[in-house]
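Turn this into a model:
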Amino acid sequence: MKGIAGPRAAMVAMLALGATPASADLPQPVRAMLNAAIAAGNEEDIAAVARTAKLTNPDDAAEIDGILDNHRQAVTQATLERKRAARFFEQWRGSGELGGFLTTGSTDSAGLSAGLTVTKEGIRLRHKVRLSADYQRSDGVTTRDQWLASYEPNVQLSDGFYLFGLSMYEKDRFQGFSDRATLSGGFGYRVIGSPRLTIDIKGGPAWRGTDWIDQPDSSEVQGLAGSDLLWHISQGIDFSNNVQAVWGSENSTLANTAALTAKIGGPFSARLSYGLNHESNQPTGISTTDTITRATLVYGF
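Sure, this is the predicted structure:
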């Protein structure tokens, strides 16, 4: 979120400006420029104006930092109030993507890829819903048909710890199964939670039921571990890496997806991702490792 618009921006600006020391030595034109940026509510503009103000008025850097601290506190307070007042179907954010892919492994092919991710950040409860599909037909024959849907709620505890739940459905006949459901829950921990970099790790028991195509169906209690990384490399460029491992005596899965996303303009971004999926104990003739490279156009909302 770049900033806060509308009435919330006015409220944040009043809170931030009202806490500014009256006896400050910062020149009035510089103060007015910084206050105008804060009132507009665009965080990138605020940071740029603050940097310029510090360069031109190095002796007043501490006062500028104080104004910024007041602004951040006001934004935090306004965000908390907004989350408290939000109903369940409000305050959801997300992105949809559409593009193409190339695969290697069980099949070497190209086709269409689509995905949708929506999240909601409450005061203590977080929700994440993810849908994805990869599909291709060649000469009237389907050569890839992969679907995934998942829902993950998180309950924040303290000091970076949280409880997570996970329900996931998959369909991928070219990996040897027609349907697979996974249920899991356990503990997670936010290792790094800075504005530029977040790293989460999680783990716990899992139940997995699989309808195999050429083998008897299986149902097994397994273990699950995963990590999620998001790095804001620079303004408009992000790198993410998501790893999930589910292991058991009958079948184990390791999935990793790395993506580079660059903002194009407005709500649109371009994304290039590389995914690797390893399945143990595969039926004869099916590769244990598949890779997929996607190039998609992303719309954020």
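
if I pick residue 122, what's in contact with it?
Applying C-beta atoms under 8 Å, 6 or more residues apart in numbering, we find residue 122 in contact with 83, 86, 91. C-beta coordinates here come from the backbone N, C-alpha and C atoms, glycine included.

chain center to the host helix or strand of residue 49: distance?
Using DSSP states H and E, residue 49 maps to helix 43-56. Computed by C-alpha atoms, centre = their mean, to the nearest Å, the separation of helix 43-56 from the middle of its chain amounts to 28 Å.

remind me which residues of this structure are low pLDDT?
1-24, 106-109, 283-285 (pLDDT under 70).

Can you tell me who the spatially most central residue of the chain pairs with across the strands?
Centroid-nearest residue in the chain, with C-alpha atoms, centre = their mean: residue 230, separated by 6.9 Å. As for beta bridges, residue 230 partners with residue 198, residue 240 under DSSP bridges.

The strand or helix carrying residue 148 packs against which elements?
Element membership of residue 148 [criterion: DSSP H and E] is strand 141-156. Under the contact criterion of 3 or more C-beta pairs under 8 Å, 6 or more residues apart in numbering; DSSP states H and E, strand 141-156 touches strand 109-121, strand 125-138, strand 161-172.

Generate a markdown table for the ones you listed, with mean neighbour count as supplementary columns.
Output for the helices and strands packed on strand 141-156, formatted as a markdown table (neighbours: other C-beta atoms under 10 Å):
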| stretch | mean neighbour count |
| --- | --- |
| strand 109-121 | 17 |
| strand 125-138 | 16 |
| strand 161-172 | 17 |
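
so can I have CSV of the ones you listed showing distance to residue 178?
Listed next are these as CSV, based on distance: least, C-beta to C-beta, whole Å:
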stretch, distance to residue 178
strand 109-121, 19
strand 125-138, 15
strand 161-172, 7
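
which stretch among those strands comes nearest residue 211?
strand 161-172 (9.4 Å; C-beta to C-beta).

export that closest one as PDB, just CAs?
C-alpha atoms of strand 161-172 as PDB (Å, rounded to 0.1, in the frame of the first residue of the first chain):
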ATOM      1  CA  PHE A 161       4.900 -16.500  16.500                       C
ATOM      2  CA  TYR A 162       1.600 -17.500  15.000                       C
ATOM      3  CA  LEU A 163      -0.700 -20.500  14.600                       C
ATOM      4  CA  PHE A 164      -1.500 -21.600  11.000                       C
ATOM      5  CA  GLY A 165      -4.100 -23.800   9.400                       C
ATOM      6  CA  LEU A 166      -4.000 -25.000   5.800                       C
ATOM      7  CA  SER A 167      -6.500 -26.700   3.500                       C
ATOM      8  CA  MET A 168      -5.400 -27.500   0.000                       C
ATOM      9  CA  TYR A 169      -6.900 -29.300  -3.000                       C
ATOM     10  CA  GLU A 170      -4.800 -30.300  -6.100                       C
ATOM     11  CA  LYS A 171      -5.500 -32.000  -9.400                       C
ATOM     12  CA  ASP A 172      -2.600 -33.000 -11.700                       C
END
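
Pull up the pairing partners for that strand, direction included.
When DSSP bridges is applied, strand 161-172 pairs with strand 141-156 (antiparallel), strand 177-193 (antiparallel).

buried stuff in the helix holding residue 49?
By neighbour count with 16 or more other C-beta atoms under 10 Å, helix 43-56 contains the buried residues 43, 46, 49-50, 53-54.

swap in stretch 227-240?
227-231, 238, 240.

cool, stretch 27-39 as well?
If you call a residue buried by 16+ other C-beta under 10 Å, then stretch 27-39 has these buried ones: 30-31, 34-35, 37-38.

Who are the contact partners of residue 129?
Going by C-beta under 8 Å, 6+ apart, residue 129 touches 116-119, 150-152.

now those in JSON lines, with distance to residue 216?
Output for these, formatted as JSON lines (distance: C-beta to C-beta, whole Å):
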{"residue": "116", "distance to residue 216": "34"}
{"residue": "117", "distance to residue 216": "34"}
{"residue": "118", "distance to residue 216": "36"}
{"residue": "119", "distance to residue 216": "38"}
{"residue": "150", "distance to residue 216": "26"}
{"residue": "151", "distance to residue 216": "28"}
{"residue": "152", "distance to residue 216": "30"}
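
Out of the residues you listed, flag the one nearest to residue 203.
Among these, and counting by C-beta to C-beta, the member closest to residue 203 is residue 152, at 13.5 Å.

Okay, and the beta partners of residue 180?
For residue 180, the beta-bridge partners under DSSP bridges are residue 170, residue 210.

okay, now it: neighbour count?
Using other C-beta atoms under 10 Å, residue 180 is surrounded by 22 other residues.

which one of the contacts of residue 129 is nearest residue 188?
Using C-beta to C-beta, the contacts of residue 129 come closest to residue 188 at residue 152, 9.8 Å.

I am finished for the moment; much appreciated.
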